[in-house]
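Asks: got a predicted structure here, sequence first:
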Amino acid sequence: MTNIEGLTDRIREMIAETHHITEEKKMFGGICFMVNDKMCVGLAKDKLMVRFHPDRYDEIMERNDAEPMDFTGKVMKGYVFVDPDNLRTRRQLAFWIGLALSYNEEAPVSKKRNMGPVKKKK
């Protein structure tokens with residue numbers, strides 16, 4: 001088992017301790033854990049992606065284990081990446097999972113986009 005697979009299992013187990021209705025989706029080149037139909041945490045490539053209240057962004061960025069999430073050339077407030085080397089202990093991972101789960105309760109549900117019918121090529 002790779003370190004990322006082990007981290008995925010640890011995240012799954014930790015979320016399951018308090019939330020029984022979750023979904024896992026392939027996203028960001030990895031896996032995203034959805035809680036209450038909202039993006040909560042995930043693994044993007046080889047890093048933990050954490051969603052938290054955007055008002056806490058400056059406070060969270062003062063930590064030396066968080067780095068800005070930047071997929072499109074623009075930093076996304078309310079999201080950070082955490083290197084798995086900073087998630088070796090249960091306590092380290094629990095901080096980030098707890099941060100994401102506490103915001104999940106109040107986070108808005110993303111509107112599902114209706115992409116319309118699929119057009120067939122002729």
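Replies: On my side now, so go ahead.
Asks: going forward, measure contacts and count neighbours with C-alpha atoms only.
Replies: OK.
Asks: let me know the pLDDT of Gly116.
Replies: At Gly116, the model reports a pLDDT of 47.
Asks: then Ala44?
Replies: At Ala44, pLDDT is 87.
Asks: contact partners for it?
Replies: With contact taken as C-alpha atoms under 8 Å, 6 or more residues apart in numbering, Ala44 is in contact with 27-32.
Asks: count residues in the vicinity of the residue lying closest to it once chain neighbours are set aside, would you?
Replies: For Ala44, ignoring the flanking residues on the chain, the nearest one in space by C-alpha to C-alpha, 6 or more residues apart in numbering is Gly30 at 4.7 Å. The number of residues packed near Gly30 is 16, by other C-alpha atoms under 10 Å.
Asks: got it, and Met34?
Replies: Residues contacting Met34 under the criterion other C-alpha under 10 Å number 17.
Asks: how close does it get to Val50?
Replies: Computed as C-alpha to C-alpha, to the nearest Å, the Met34 to Val50 distance reads 12 Å.
Asks: between those two, which contacts overlap?
Replies: 40-41.
Asks: what ranges does this protein have for its strands?
Replies: Assigned by DSSP state E, the strands in the chain fall at 22-27, 30-35, 38-44, 47-51, 66-70, 75-82.
Asks: what is the burial count for the nearest residue to Phe81 once chain neighbours are set aside?
Replies: Leaving aside its chain neighbours, Phe81 sits nearest to Met49 (4.6 Å; criterion: C-alpha to C-alpha, 6+ apart). Number of residues near Met49 (other C-alpha under 10 Å) recorded here: 28.
Asks: contacting residues for Met49?
Replies: Contacts of Met49 by C-alpha under 8 Å, 6+ apart are 41-43, 69, 79-82.
Asks: narrow these to those that are buried.
Replies: Buried residues within these, counting neighbours by 16 or more other C-alpha atoms under 10 Å: 41-43, 69, 79-82.
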